[in-house]
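*Asks:* How does the following fold in three dimensions:
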Amino acid sequence: MSLFESQGKFRFQLEFPEGVTVDEDEYVVTGKLKGKKRCVSQILEDLSEELEAAEEVLQNSLIPFLRNMFKRFYDHRFIFSNAVSCVAELDCLCALADVSGGDSALGVGKMCKPEVLPLNAQGPHVLELRQLRHPCVQMVMRDTANKKFIPNDVVLG
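*Replies:* Alright, predicted model coming up:
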């Protein structure tokens, strides 16, 4: 004997070999196949109806639950947005720290960190960048035979 599940009128049925005698007061034969017969009992029908009722309650509860959960998430979206922005900024800073440390996966060699000087109220505001090179350009130059890269200088102010 084995339990057979289908999508028809009788969702769950018991499957017996054809030679087995079935008590027709307890089981109703629902179908016969080559060497097998399928039956259903009142207990199995009752359990199947109970299961279908529970599945319907679940379906009817799931949609309002999901709607409420998404509404609560939407109501607090600014908190999540700020958290994502902070994590993105930390990720960017960690990547820059990795590259500047010289041990990065890019293998671009030692970089330097910028030197930020205190603001001089009397003097001009200046942005001075010397020997600039992009890490990706540096990586390409490292892998090619032509290593004639000229770094850039920028002075603003």
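*Asks:* max-length helix in this structure?
*Replies:* Looking across the chain with DSSP state H, the single longest helix is helix 42-75.
*Asks:* what does the average pLDDT come to for that helix?
*Replies:* Helix 42-75 comes out with an average pLDDT of 91.
*Asks:* Which helix or strand contains Leu93?
*Replies:* When elements are assigned from DSSP states H and E, Leu93 belongs to helix 77-101.
*Asks:* average model confidence for the helix or strand just after that helix?
*Replies:* Counting by DSSP H and E, the next helix or strand C-terminal to helix 77-101 is strand 127-132. Strand 127-132 carries an average pLDDT of 82.
*Asks:* who does strand 127-132 pair up with?
*Replies:* strand 152-156 (antiparallel) (DSSP bridges).
*Asks:* How about residues contacting the strand it pairs with?
*Replies:* Strand 152-156 has contacts (C-beta atoms under 8 Å, 6 or more residues apart in numbering) with Val126, Leu127, Glu128, Leu129, Arg130, Gln131, Leu132, Arg133. Every residue, glycine included, has its C-beta placed from N, CA and C.
*Asks:* Spit out the contact partners of the last one.
*Replies:* By that I understand Arg133. Counted by C-beta under 8 Å, 6+ apart, Arg133 has contacts Phe149, Pro151, Asn152.
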